[in-house]
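[1] sequence and predicted structure below; questions after.
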Amino acid sequence: MRTVRIVRRLWLLRSGRWANQRLTIAHRFAAHTTDSTRGLRAVLAVSNTLRGGLFIICGTSLIGLIDNFVPIIAEQHGVWQFHMIRSVMAGLLVVLYCRVRGLRIWPKRLQPVFVRSVFIAISMILYFGSISLMPIAEAGAALFSSPIFILIFSLLFFGTRIGIHRTLAVGIGFAGVLLVLKPDPTHLGVITFVPMLAGLFYALSQLWTRHFCAAENTATILLGFLTMIGLFGLAGTAFLTLFPPPAAWVAMAPFFFSGWQPVTWTFLFWTAIQAVGSNIAVACLIRGYQIAEPTRVAVYEYSFLLFAGLWGWLLWGQIPDMFSLLGIALIIGAGITIVLRANRLPGEQDAPDHS
């Protein structure tokens, strides 16, 4: 009996050790699995950020390319006629895509989408009008001053907190805009600040989208923009055709003050390139923001300024002077600072998003 008790105790002791070993192994495995899961999530987050950034870079590079061909259109036609016909082409493509994918077209709330479409349409007409007045990299730099206006409007109308870093960024960005535009105090006029006005209305459209159109379908917002800018183009073309402006105005900015002109195959070709290319570019931008955290990939949009300058140099030999390059650098730095600081504080706005 004594021998049996000894054997039994040895067996229980051995079983207890084995149970402890199994428990230890299980804990180690669980800890390893948790670490692996966290590591995998981190890798996936980085991977999605890179993928999203690549989509956005593809979109901005395409926009930088096709916008460089606007001067060809501007040689014989006006910005109003261009937008009128381009919106018809691009709008039909969007409607066809929505029908094939079964997406909603009509907005959930018509009034907010209407107001947003007015803001972005004004911005794009001013931006495209400025392309005929200066190199695209400089016009784009003024357009991308929109984060500065977003911050200012957020403070004035929505009570957003602004720290010292972003206050300095606003000042630096504004200095960059002045370096790009180089306004002559003896010849100041509305035309001088057209690109900056484009950035202002772009900022209004972004704020309106964030606060009043967040629940709308992307295709609905895009189609609203195309419809509005098409109507603007129709109204502007009709007005300038029926009531021609003074010859001095036309000579100063022919692309902006031209009415209806006979449609040529060259015009239709480059306008179609714009319509198709802009839809593809916007799709890339949307996809980039869908697969990655917007606050992490918004800074990639500033690659547009680099591609616009690169394509302008390769296609037309446009090289901004040192003051313009310095101004572009200041605008990029200010915009990135505003976006990155916005990630640390609640209630902030992202960098601009193309429509």
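    Happy to help now that I have it.
[2] around Cys284, how many other residues sit close by?
    Counted with other Cβ atoms under 10 Å, residues neighbouring Cys284 total 21. In this view, the C-beta of every residue, glycine as well, is placed from N, C-alpha and C.
[3] can you pull the contacts of it?
    Phe55, Ile56, Cys58, Gly59, Leu62 (Cβ atoms under 8 Å, 6 or more residues apart in numbering).
[4] what about the closest residue in space to the first one that isn't next to it in sequence, distance to Ser278?
    Beyond its immediate neighbours in the sequence, the residue positioned closest to Phe55 (Cβ to Cβ, 6 or more residues apart in numbering) is Gly288, lying 3.5 Å away. Taking Cβ to Cβ, to the nearest Å as the measure, Gly288 and Ser278 are separated by 16 Å.
[5] more crowded one of those two?
    Gly288 (27 against 24).
[6] from the chain's centroid, how far away is the helix or strand harbouring that one?
    Here Gly288 sits within helix 265-291, counting by DSSP states H and E. Centre-to-centre, helix 265-291 and its host chain are 13 Å apart (Cα atoms, centre = their mean, to the nearest Å).
[7] ok, now stretch 106-121?
    18 Å.
[8] and what of stretch 146-166?
    Taking mean C-alpha positions (Cα atoms, centre = their mean), stretch 146-166 and its chain are 18 Å apart.
[9] just for the stretch 151-300 of the chain, where's the confidence low?
    183-192, 290, 293-295 (pLDDT under 70).
[10] thought Ala292 was touching Arg51, still the case?
    Yes. Between Arg51 and Ala292 a contact is recorded at 6.7 Å, counting by Cβ atoms under 8 Å.
[11] for these two, indicate the residue with more neighbours.
    Taking neighbours as other Cβ under 10 Å, Arg51 and Ala292 compare with Ala292 leading, 24 against 15.
[12] now do the contacts for that one.
    So Ala292 contacts Asn48, Thr49, Arg51, Gly52, Gly53 (Cβ under 8 Å, 6+ apart).
[13] surely Thr218 and Ile286 touch.
    Yes. Counting by Cβ under 8 Å, Thr218 touches Ile286, with 5.5 Å between them.
[14] Pro71: which element?
    Counting by DSSP H and E, Pro71 is found in helix 70-74.
[15] how about that helix: buried residues?
    Within helix 70-74, the residues scored as buried using 16 or more other Cβ atoms under 10 Å are Val70, Pro71, Ile73, Ala74.
[16] just stretch 207-223 next, same as before
    Within stretch 207-223, the residues scored as buried using 16+ other Cβ under 10 Å are Leu207, Trp208, Thr209, Arg210, Cys213, Glu216, Asn217, Ala219, Thr220, Ile221, Leu222, Leu223.
[17] chain center to it, what's the gap?
    With Cα atoms, centre = their mean, you get 13 Å for stretch 207-223.
[18] what does it contact?
    Contacts of stretch 207-223 (Cβ under 8 Å, 6+ apart): 91, 94-95, 97-98, 103-109, 112-113, 115-117, 119, 150, 153-154, 157-158, 282, 286, 349-350, 353, 355.
[19] okay, and which of those residues map to helices?
    Among the contacts of stretch 207-223, the residues falling in helices (DSSP state H) are 91, 94-95, 97-98, 112-113, 115-117, 119, 150, 153-154, 157-158, 282, 286.
[20] narrow the residues you listed to just the buried residues.
    The neighbour-count criterion (16+ other Cβ under 10 Å) marks 91, 94, 98, 112-113, 115-117, 119, 150, 153-154, 282, 286 among these as buried.
[21] nearest to Gly230, of the residues you listed?
    For those, the closest approach to Gly230 (Cβ to Cβ) belongs to Gly91, at 6.7 Å.
[22] which ones are touching the closest one?
    Residues near Gly91 by Cβ under 8 Å, 6+ apart: Leu223, Leu226, Thr227, Gly230.
[23] identify each buried residue in the strand or helix carrying the third one, please.
    Assessed by DSSP H and E, Thr227 sits inside helix 218-242. Neighbour-count burial for helix 218-242 flags 219-234, 236-237, 240 (criterion: 16+ other Cβ under 10 Å).
[24] could I get whichever helix or strand comes after that helix in PDB with only the CA atoms?
    Counting by DSSP H and E, the element after helix 218-242 in chain order, helix or strand, is helix 247-252. Extracted C-alpha coordinates of helix 247-252, given in PDB (Å, rounded to 0.1, in the frame of the first residue of the first chain):
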ATOM      1  CA  ALA A 247     -11.500  94.700 -76.100                       C
ATOM      2  CA  ALA A 248      -9.000  95.600 -73.400                       C
ATOM      3  CA  TRP A 249     -10.500  93.000 -71.000                       C
ATOM      4  CA  VAL A 250     -10.400  90.300 -73.700                       C
ATOM      5  CA  ALA A 251      -6.800  91.200 -74.500                       C
ATOM      6  CA  MET A 252      -5.800  91.000 -70.800                       C
END
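[25] buried ones in helix 247-252?
    When burial is assessed from 16+ other Cβ under 10 Å, helix 247-252 yields the following buried residues: Val250.
[26] wait, isn't Phe256 in contact with Ile131?
    No. Using Cβ under 8 Å, Phe256 makes no contact with Ile131, being 10.2 Å away.
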